[in-house]
Structure formats: C-alpha cells, structure tokens
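1. Take a look and give me a structure for this.
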Amino acid sequence: MTVLWTSDEIAAATGGIASEPFQVTGVTFDSREVQPGDLFVAMPGTVHDGHTFVDGAFAAGAAGAIVSQPVSGPHVLVPDTFAALQALGRASRERVQATVFGVTGSVGKTSTKEALYAALDRNRPGKVHRSVKSYNNHTGVPLSLARMPRDAEYAVLEMGMNNPGEIAALARQVRPNVVLITAIAPAHIENLGTEEAIADAKAEIFEGLEPKGIAILPNDTPHRDRLLKAARRRADRIITFGRGDADVHAVHAVNAEGGGSLISAALLERELTFTISQSGAHWVSNALAVLAAVEAVGGDVALAGLALADMGGLKGRGQRHRIRIEGGELLLIDESYNANPASMAATLGSLGAEKEVTRRIAVLGPMRELGPHSEALHAGLAPAVLSAHIDRLILIGDEMRPLDEALDGRVAVDRVASVEEATDRLRHLVHPGDAVLVKASNSVGLAKLVESIAKEPACST
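-> Sure, this is the predicted structure:
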C-alpha cells in the first residue's frame, strides 16, 4: 500500500508530537471501519469519546492514532483531535496538484458525485479520489481531504449543509477548482425558511473557489439567475446544464429498452449520444452536469459516456432489485436513503415511466426537516402520484396524512404506522410483474424494508 502520511508529516500538519516514527495508508475516525495500516483519529463525541476505542483500533490493525491524551501505541499527541483532523485535511489539499471538484445541491449530490467519479476514473484510472458515502459535513469533509492520495489527479468532494454558513466553511477547506450545483429544492427548509435562502446557502460554495475556477450550474431552476449572480463574483467561467438554452443540454432523451434513458446531448464543442441505466428526468440532468464538468477540464466525454452507461444504481438511491416471487418476479426500486419534494416527484415520475409492469406500487414515508411547510409539501405530492399512475400507495406515519387527504380516494391507499407494518403489508400485497418504489427520509429507516423484502419477498396469496 502507498504511504498516505508519515508520523512526521502528521505532526507537522497538526502541530502535535509523535510518540515514535510510523506511517499510515488510510485515515478513519470510526473504529468499526479500521483497516490494517490506518490512522485512527480519536474524535470527541456527544455520546462516546473516541479515546475509548483506541485500543480496539490498534487491535484491528491501526498503524497510529491522533489523540489528545497519551495512549499505548504509536500516536501523535495534539490538544484537539477535531482541529487536528481539519489541519490534516488542509495539509492534504495544500500538497496535491489535483483538479478538485466540489459538489453540492439540494438533490442528487451523492449520486452526481459518484457519477462524476466514475466518469473521471474512466479517463484516469486509479488517479481519482472521492468522498465516500455521504461524508459531506464538518467532520466528513476534512476526513475525505485527509484521505486524498498525494498523487491524485482529480478529486470529487461532496458538501452538504443544514444551516447558513456551513458550506462556506467547508468550501474554504476544499478550495475547489470546479464547483457543481445539482439542483435547488426545499430540503432543510425548516432551518432556512425559503428556497431563496437555500439557494444562497448552496451558493456559499463559491467562497472557496480557486482562481480561474469553473462553475457548473443548473439551468432548470427558478433560482438560476440568483446562482449566476453569486457565481460571477468568483468564477472565471460559468457553464449551465439542463433544458432549453443551457450550454450543455439534452437534444433528445427517451426511455431506453430495459430501463434508463437514451440521451443525445449538445455539449460545449460536440454532440454525444449515450445511455444511462438510471431512470428519470433527474438522472438525465445529473448526467448532463457530469459531462459538462468533464468537458470543462478537458476530459474525454466519450469515455465519460461509457462510464455513465456502465454505472449501476446506488444503494438507497435508485438501486433496482429483480426479486423472484412465486409465479414470476417483481421490480423493487430502492430510494430509501433520503427524500424531499423534488426527489419524491422525480422518482415517482420514474416509476410512472416503467414499462411492461402489472402495477405500480409506492411505499412512501415522511420527508423530514420541512418545518411549518411539512403539511403543504406532503399534500403537494398528489399531482406527482396521479401523473405517475400509481396503482397503490402504502403511506407510513401520520405525517403522510395530508397526501392521503389530497388524493381524496383517487388512489388506493394503505395507511400504516411503522416500517415493520409497511413491510408486512407489502409482502402480502405484491404480485408478479409489480414495480415497487420505496422512498422516505433516511431517518424513517425504509432500508430495513428493502433488505427484508429482498431476503424474504412475499407470502403466497
């Protein structure tokens, strides 16, 4: 394994004192994820102090630790381990020559980050770094930076927020060369109040943009001009993607055989026809954003198109399961990781576009962090449900009552109180040929339903 950090480098970056020489090949602050050769950062916590797990980290093969109190084993002693992680992230960003992409938005951040990573990795195999999972907050971003190999040529880092000012702080750490904003939607509106405030919070990403930086912005949002105005203060070049007069836009986008879309796109300097395996207009938009970013830095867009064609669905974000049941199979679409009004409407539209299915069933749980807008935004899903021709709905929890009332009997609805009850109801409801969409905010826990149905699909009826 390539050496990521030496103890001398860690001490120099953090201002700490090394107990002895050592070198590491990875970084983590989760003792459950420790791999041989890792650096374990003993982070303070509201429930557990990371120092409690140092011995376990060494037992799992950690080569060293960052700690704020002496421990047995190779370590760098610092006053504050969280500050040390941030410092290590800044040192990592300082030493690399990589082109760094910063990705944010209300919807599609992680999916677009993964797609951009795949497209860049097809261009420069093994030379692209990315943040894993949804490590996009005040701890995840410095961790992702600290993990960046010193010889990386590209890096794709995701940034999220719950409140104003958070993305600005992250962007100043990441210092992106290219900024990509996926979309603006009422996610976290409970804390920010309006979509305009959400757009402004996302636009904070420009505050970290490096000189001669590039901004990739969505054309199909009522907040486009607001984003453009913010981008012009920092960006040397601005590229829009989407429909209509966008710089990068779809000339044609049709449903592909077997799911997904066949897209002909007008790029900055050429046209490209390619396929994506994911369904829905939101994925067409994601793909256009990725191609705009790749072309903007001089990458091979044809290779990027091949990468998009090969990319499967992500767990919790559109992964498709073909599940054998008595008499045939059902299609289970796993969108359990998160939900807001825009992503709910988009994925319902994708379900509506599914061909050769017997019935369309949606298992929907509440969208969280909507504050006083919650009832209206849940009720506002009714047009998307109706236009998708959903045959049956399973709605979880009292927060979904406004949607049931807005539908006013036009769709068959089962109201249940829990994920467990929804799982049992679905298991007795499905027939061969059904397509089932599962979506809610992550805190609802619908991933358990997906896992259960995939393992033990259905009862005979």
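2. Look up the closest residue to residue 38, ignoring the ones flanking it.
-> With sequence-adjacent residues excluded and distances taken as Cβ to Cβ, 6 or more residues apart in numbering, residue 38 is closest to residue 26, at 4.3 Å. Heads up, the C-betas are built off the backbone N, CA and C, glycines and all.
3. what sits against the one you found?
-> Neighbouring residues of residue 26 by Cβ atoms under 8 Å, 6 or more residues apart in numbering: 4, 35, 37-39, 147.
4. Let me see the domain layout of the protein.
-> Domain assignment for the chain by automatic domain parsing gives 5-84, 96-310, 319-455.
5. on that earlier part again, ok, of the contacts of residue 26, which one's closest to residue 411?
-> residue 147 (46.0 Å; Cβ to Cβ).
6. so that closest one makes contact with residue 29?
-> No. Assessed by Cβ atoms under 8 Å, residue 147 is found out of contact with residue 29, at 11.0 Å.
7. still on that earlier bit, same list, the domains of the chain, but as TSV with distance to residue 90 and mean pLDDT please.
-> Formatted as TSV, the domains of the chain follow (distance: least, Cβ to Cβ, whole Å; pLDDT from 0 to 100):
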stretch	distance to residue 90	mean pLDDT
domain 5-84	8	96
domain 96-310	6	93
domain 319-455	29	92
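8. Tell me the strands beside the strand or helix carrying residue 101, with direction?
-> Using DSSP states H and E, residue 101 sits within strand 99-104. According to DSSP bridges, strand 99-104 has the following sheet partners: strand 154-158 (parallel), strand 178-181 (parallel).
9. Quick check: phi and psi on residue 334?
-> phi -90, psi 100 (degrees, to the nearest 10).
10. Contacts only, for it.
-> Here residue 334 is in contact with 313, 315-321, 438, 447, 450 (Cβ under 8 Å, 6+ apart).
11. What of residue 447?
-> Here residue 447 is in contact with 316, 334, 336-337 (Cβ under 8 Å, 6+ apart).
12. Sitting in strands, which of these do you find?
-> residue 334 (DSSP state E).
13. could I get the contacts of residue 447 as JSON lines with distance to residue 186?
-> Compiled in JSON lines, the contacts of residue 447 are given as follows (distance: Cβ to Cβ, whole Å):
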{"residue": "316", "distance to residue 186": "21"}
{"residue": "334", "distance to residue 186": "23"}
{"residue": "336", "distance to residue 186": "20"}
{"residue": "337", "distance to residue 186": "18"}
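14. Now for the contacts of residue 447: which two are most distant?
-> 334 and 337 (8.2 Å).
15. overlap in contacts of those two?
-> 315-317, 447.
16. can I get the residues you listed in a markdown table with distance to residue 343?
-> Output for these, formatted as a markdown table (distance: Cβ to Cβ, whole Å):
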| residue | distance to residue 343 |
| --- | --- |
| 315 | 16 |
| 316 | 12 |
| 317 | 9 |
| 447 | 16 |
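17. are any of these buried, and which?
-> 316-317, 447 (16 or more other Cβ atoms under 10 Å).
18. Reformat those residues as a markdown table; add distance to residue 248.
-> Shown next, in a markdown table, are those (distance: Cβ to Cβ, whole Å):
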| residue | distance to residue 248 |
| --- | --- |
| 316 | 28 |
| 317 | 23 |
| 447 | 34 |
